[in-house]
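**Student:** Below: sequence and its predicted model.
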Amino acid sequence: MMFGLLKGLGVTLRQIPKKNVTLQYPDVKPDWPDRFRGVHKFYPEKCIVCNQCARVCPTSCISLSGTRGEDKKMHIETYDINFEICILCDLCTEVCPTEAIQMTDTFELAEYSRDALFKNIEWLAENGRQHDARKGKSDDQANHDAKAADKAGEQ
Amino acid sequence: MDLIKGYGRQQPLVEFEGFTPQESMELQQGGVLVGALEQIKGWARSNSLWPLTFGLACCGIEMMGTGASHYDLDRFGIFFRATPRQADVMIVAGTVTKKMGPLLKRLYEQMPEPKWVIAMGSCATAGGPYIRSYSVVKGVDQYVPVDVYIPGCPPSPPALIYGLNILQDKIRMEAKGKRVPRT
């Protein structure tokens, strides 16, 4: 009987020198992996209004519209994501040919009302600006910009 | 009692009316609370939320993960109860089917006042991936009044903690007489 008690106490004592495992979330922000699927960011200047993100979306939570400008190119006008039903599956990011829509590590999106979860183009672009400022420019973003610059140079 | 920046600290800093922040902090460290009874009640309630264990799908797994030692809801005075009669807040974690709806309503009615509801995840908020399903409730707000909606599929544990923190914020704001939208 005594032995069992000591065995249990031994387990307890062995835990004492170990490091605490609890993350102090509201005080310390979690460090997410690079490919964490958080709330989207959107670059309106990159979008070519191909509508692929809206078509691939399994819950049809993306709605967008655009017009053809003076330079014969499509320009985005509205871009809305309904985060009530968005399941953050990353499919819109994968089909996007110009990487206009991307995932960020933003996760603090709880709201008091359902209407507030409907996010428009301004909110998503602002989220992108904040995310870029937080992260610095990511590597593949820099690559993409370099490629675009090369293309412009060729023309 | 204004909250000084940042809800959800283990010990929330409260600013009492008619005192400077420095004095408020000294009062709080001395264990003194100054304010209207409602505000003190709101402060106490917001720091002892007892949620009802109500995991229905994958969000339930994240909820359990949030309660375990890695994220540790006990830091905020949040302890899971297995009966609605001891619970203050119902975290609806997962897909509510039309068959489950009446049971959800009954559990809500069995909870004593004051009570709050959190819709965790896309399914509980609006049906999520089952938005076009014939058997899934398109949002628990069709059955019970919801205070906080947490999007995500499922929301990560920090997202759930953020949702609980803004619920605590809401309880304190309502105690001060401010109206917070409720759908």
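**Tutor:** Done, it's in. Quick caveat, the model's predicted, so the values are computed rather than measured. Residues are numbered from 1 along each chain as shown, chains lettered A, B, ... in the order given.

**Student:** Around chain A, which positions in chain B sit nearby?
**Tutor:** Residues of chain B lying near chain A by CB under 8 Å from any CB of the partner chain: B:6-9, B:69-72, B:75, B:122, B:125-129, B:131, B:139, B:141, B:147-153, B:155-159, B:161-163, B:165-166, B:170, B:180-183. Just so you know, the C-beta spots here come from the backbone N, C-alpha and C atoms, and that holds for glycine as well.

**Student:** Which ones among those residues map onto strands?
**Tutor:** B:Val148, B:Tyr149, B:Ile150 (DSSP state E).

**Student:** which one among those residues gets closest to chain A?
**Tutor:** B:Ile150 (4.4 Å; CB to the nearest CB).

**Student:** Report how many residues lie close to the closest one.
**Tutor:** 31 (other CB atoms under 10 Å in any protein chain shown).

**Student:** do A:Ile16 as well
**Tutor:** 6.

**Student:** Over to the one 5 residues further on?
**Tutor:** One way to gauge burial is a neighbour count; for A:Val21, by other CB under 10 Å, it gives 10.

**Student:** Equivalent analysis for A:Arg35, please.
**Tutor:** The burial count for A:Arg35: 8, using other CB under 10 Å.

**Student:** list the contacts for it?
**Tutor:** By CB atoms under 8 Å, 6 or more residues apart in numbering or on different chains, the contact set of A:Arg35 is A:Met103.

**Student:** next one: the lengthiest strand in chain A to chain centre, how far?
**Tutor:** The longest strand of chain A (DSSP E) is strand A:74-82. Strand A:74-82 sits 17 Å away from the centroid of its parent chain (CA atoms, centre = their mean, to the nearest Å).

**Student:** quick one: strands adjacent to that strand?
**Tutor:** If you go by DSSP bridges, strand A:74-82 pairs up with strand A:62-68 (antiparallel), strand A:118-119 (antiparallel).

**Student:** Output that strand as CSV, restricted to C-alpha atoms.
**Tutor:** Provided in CSV are the C-alpha atoms of strand A:74-82 (Å, rounded to 0.1, in the frame of the first residue of the first chain):
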residue,chain,number,x,y,z
MET,A,74,-10.5,43.5,-65.8
HIS,A,75,-10.5,45.4,-62.5
ILE,A,76,-12.0,44.2,-59.3
GLU,A,77,-14.8,46.3,-57.9
THR,A,78,-16.4,44.2,-55.1
TYR,A,79,-15.0,41.2,-53.3
ASP,A,80,-16.9,39.8,-50.3
ILE,A,81,-16.2,36.8,-48.2
ASN,A,82,-18.9,35.6,-45.9
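
**Student:** and the helix or strand following that strand, anywhere near chain B?
**Tutor:** Per DSSP states H and E, the first helix or strand lying C-terminal to strand A:74-82 is helix A:91-95. No: if you take CB under 8 Å from any CB as the test, helix A:91-95 misses chain B, and the best it gets is 12.0 Å.
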